[in-house]
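Novice: next input, structure requested:
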Amino acid sequence: MTKYVAAVDQGTTSTRCMIFSHAGEVVAVDQREHEQIFPRAGWVEHNPAEVWENTRAVAAGALAKADLDASDIAAVGITNQRETAVVWDRATGKPVYNAIVWQDTRTDRIAAELGNLGGGQERYRAKTGLPLATYFSGPKIRWILDNVDGAREKAEAGDLLFGNMDTWVLWNMTGGVDGGVHVTDPTNASRTLLMDLSTLSWDAEIAAEMGVPLAMLPEIRSSSEVYGKVRERGALAGVPIAGILGDQQAATFGQACLSPGEAKNTYGTGNFVLLNTGTERVMSENGLLTTVCYKIGEQAPVYALEGSIAVTGSLVQWIRDNLGMISTAAEIEEHARAVEDNGGCYFVPAFSGLFAPYWRSDARGAIVGLTRFVTKGHLARAVLEATAFQSREVIEAMNADSGVPLTSLKVDGRMVGNELLMQFQADILGVPVIRPVVAETTALGAAYAAGLAVGFWESEDDIRRNWARDKQWTPSMAEDERERTYRQWKKAVTRTFDWVADED
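Specialist: Just a heads-up that it's a prediction; the model follows:
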């Protein structure tokens with residue numbers, strides 16, 4: 001009798017396989033990091049072949065750690081870094097170029113060119129829910145076809161395939177060149193700038209304007225159904241792959257934010273706040289994205305408002321790897337606790353421009369308010385506070401769009417183990433912050449989607465029953481201090497604008 005569900009969590013910095021029990025408890029996890037490739041300033045790439053190799057390894061590793069085999073697994077789900085684009089040859093299975101990562105800014109001119117056709121940044125928002133920005137997959141496909149020799153000709157002949165990382169992993173897991181399934185789900189398709197939110201289908205007019213042949217694009221299926229089985233070679237051979245959710249939608253699902261008005265904030269490489277708006281598409285007037293939250297089988301799609309923040313956890317990684325200021329990510333809290341406040345120092349990490357609610361690709365990072373009083377501890381604290389300040393900006397926009405002020409915030413992701421950050425987040429928001437028992441809800445959400453498709457979980461009520469609170473932080477900062485330091489943050493953000501000029 002099968003007792004467990006597995007999830008492949010293909011993230012920005014690593015790939016994991018996690019195995020969950022029916023109660024939503026973690027049974028085993030195996031994880032491998034992959035190389036972050038920076039060919040030029042603003043360019044970010046991953047090697048898709050390395051990601052696939054790591055996927056195979058972690059699947060075997062997780063099973064071995066739990067002393068299980070494929071017969072113990074009812075289904076496997078996939079969750080992934082969204083907007084990261086891969087183009088590969090359908091005959092050889094080899095990528096024609098590295099994966100272009102969601103943080104990459106090289107497509108700024110393509111976005112500007114498309115905006116000049118009329119409507120500017122808002123050209124496609126009415127159909128796609130998204131502004132024209134470097135963040136999304138469609139312009140990345142265009143860049144690859146325009147810049148890789150022979151790629152456009154092969155794409156137009158039907159010889160190339162595109163996918164976000166979910167599609168790349170699924171295609172390989174189900175056989176690759178030997179019958180691989182070329183499918184995505186609406187949560188990933190809604191991050192390409194190519195999908196019509198109302199029909200959940202590719203928009204031929206936008207694809208033509210963007211120079212993306214429709215034949216490259218995967219079939220859009222629901223987020224919870226059986227797409228195929230894992231190929232016969234591999235640790236999970238024969239297990240049905242039955243769930244796909246982009247990482248932030250997966251975290252929303254894993255947090256049991258299944259009713260309109262429920263929201264979560266995931267603290268990972270970047271931060272992503274999602275508010276479930278039910279079957280209603282709420283078009284933002286405050287710089288947020290309208291996206292598909294999930295679609296379970298034949299049920300109507302559920303939508304969300306999303307605030308995307310490019311750099312949060314990766315800022316900690318940056319001061320570790322680029323500056324050598326700390327040797328492990330966990331040290332940041334120790335240094336930050338050595339001081340009472342940020343010493344007047346603010347760090348705006350606009351490394352890839354600013355995402356929600358600004359959408360300023362011309363912005364670049366800045367540290368402001370420096371004096372000789374500022375120490376390593378103050379810088380460490382400013383790094384952590386940047387995450388909380390950016391989250392407040394997004395949540396204020398969400399409150400304005402929805403008309404319903406947030407009364408508490410569910411949080412998940414790797415950074416929620418940092419208790420100083422969680423307390424400051426509650427302080428700067430003025431509402432309680434709640435961490436669940438299973439903080440890595442991204443993989444859990446993908447497991448839930450897969451398990452629902454095969455009857456391992458009967459309904460969404462099972463998911464609600466599984467959710468459990470681990471810890472809650474309540475605000476302790478005086479309101480005048482909260483607003484003073486937030487005003488200083490907003491002032492610091494303005495110092496990052498207009499750094500990249502047209503000639504750059």
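Novice: quick one: buried residues of the host helix or strand of residue 377?
Specialist: In the assignment (DSSP states H and E), residue 377 maps to helix 376-402. Buried positions in helix 376-402, judged by neighbour count with 16 or more other CB atoms under 10 Å: 377-398, 401-402. C-betas here are computed from N, CA, C, even on glycine.
Novice: and what of stretch 252-266?
Specialist: Buried residues in stretch 252-266, counted by 16+ other CB under 10 Å: 252-258, 260, 262-266.
Novice: what does stretch 175-182 give?
Specialist: 175, 176, 180, 181, 182.
Novice: wait, the fourth one sits on residue 168?
Specialist: No: under the criterion of CB atoms under 8 Å, residue 181 lies out of contact with residue 168, with a separation of 11.6 Å.
Novice: quick check: residue 395 touching residue 406?
Specialist: Yes: under the criterion of CB under 8 Å, residue 395 makes contact with residue 406 at 5.7 Å.
Novice: shared neighbours of these two, anything?
Specialist: 263, 429 (CB atoms under 8 Å, 6 or more residues apart in numbering).
Novice: let me see the ranges of the helices in the stretch 1-150 of the chain.
Specialist: 48-66, 108-115, 125-128, 137-147 (DSSP state H, counting those that start in this stretch).
Novice: most tightly surrounded among those?
Specialist: For the helices of the stretch 1-150 of the chain, the largest average neighbour count (mean count of other CB atoms under 10 Å) is found in helix 137-147, namely a mean of 23.
Novice: which helices and strands does the next helix or strand after that one pack with?
Specialist: Heading C-terminal from helix 137-147, the first helix or strand you meet, by DSSP H and E, is helix 151-156. Judged by 3 or more CB pairs under 8 Å, 6 or more residues apart in numbering; DSSP states H and E, the packing partners of helix 151-156 are strand 86-89, helix 137-147.
Novice: redo that, cut-off 10 Å
Specialist: Helix 151-156 sits against strand 86-89, helix 137-147, strand 160-163, with contacts defined as 3 or more CB pairs under 10 Å, 6 or more residues apart in numbering; DSSP states H and E.
Novice: out of these, which is closest to residue 201?
Specialist: Among those, the nearest to residue 201 by CB to CB is helix 137-147 (14.7 Å).
Novice: relative to helix 108-115, how tilted is the closest one?
Specialist: 110 degrees (axes from the mean of the first three to the mean of the last three CA atoms, to 10 degrees).
Novice: figure out how far helix 137-147 is from the centre of its chain.
Specialist: 20 Å (CA atoms, centre = their mean, to the nearest Å).
Novice: could I get the helices of the stretch 1-150 of the chain as TSV with distance to residue 33 and mean pLDDT?
Specialist: Putting the helices of the stretch 1-150 of the chain into TSV (distance: least, CB to CB, whole Å; pLDDT from 0 to 100) gives the following:
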stretch	distance to residue 33	mean pLDDT
helix 48-66	8	95
helix 108-115	28	90
helix 125-128	32	92
helix 137-147	22	96
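Novice: TSV please, covering those and showing distance to residue 495.
Specialist: Putting the helices of the stretch 1-150 of the chain into TSV (distance: least, CB to CB, whole Å) gives the following:
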stretch	distance to residue 495
helix 48-66	36
helix 108-115	21
helix 125-128	28
helix 137-147	28
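Novice: which of these sits closest to residue 42?
Specialist: helix 108-115 (8.2 Å).
Novice: surely residue 50 is in contact with residue 36?
Specialist: No: Residue 50 is beyond contact range of residue 36, at 11.0 Å (criterion: CB atoms under 10 Å).
Novice: among the buried residues of stretch 252-266, which are located in strands?
Specialist: Those of those mapping onto strands are 263, 264, 265, 266, per DSSP state E.
Novice: export the residues you listed as CSV, with columns for pLDDT.
Specialist: Listed next are these as CSV, based on pLDDT from 0 to 100:
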residue, pLDDT
263, 85
264, 90
265, 93
266, 90
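Novice: in those, find the pair that's most separated.
Specialist: Spanning the widest gap among those are 263 and 266, at 10.9 Å by CB to CB.
Novice: one step back: what do residue 181 and residue 168 both touch?
Specialist: Residues touching both residue 181 and residue 168 by CB atoms under 10 Å, 6 or more residues apart in numbering: residue 218.
Novice: name all residues that make contact with residue 191.
Specialist: Contacts of residue 191 (CB under 10 Å, 6+ apart): 82-85, 102, 128-130, 135-138, 164, 184, 246, 248-249, 289, 291-292, 306, 308.
Novice: go again with 7 Å.
Specialist: Residues counted as contacts of residue 191 (CB atoms under 7 Å, 6 or more residues apart in numbering) are 82, 83, 136, 137, 164, 246, 291.
Novice: mind checking the SS state of it?
Specialist: coil (DSSP: H, G, I helix; E, B strand; the rest coil).
Novice: repeat for residue 492
Specialist: Using three-state DSSP, the structure places residue 492 in helix.
Novice: for it, which non-adjacent residue is spatially closest?
Specialist: Spatially, and ignoring its direct neighbours in sequence, residue 492 is nearest to residue 346 (3.9 Å; CB to CB, 6 or more residues apart in numbering).
Novice: swap in residue 296?
Specialist: Leaving aside its chain neighbours, residue 296 sits nearest to residue 224 (4.6 Å; criterion: CB to CB, 6+ apart).
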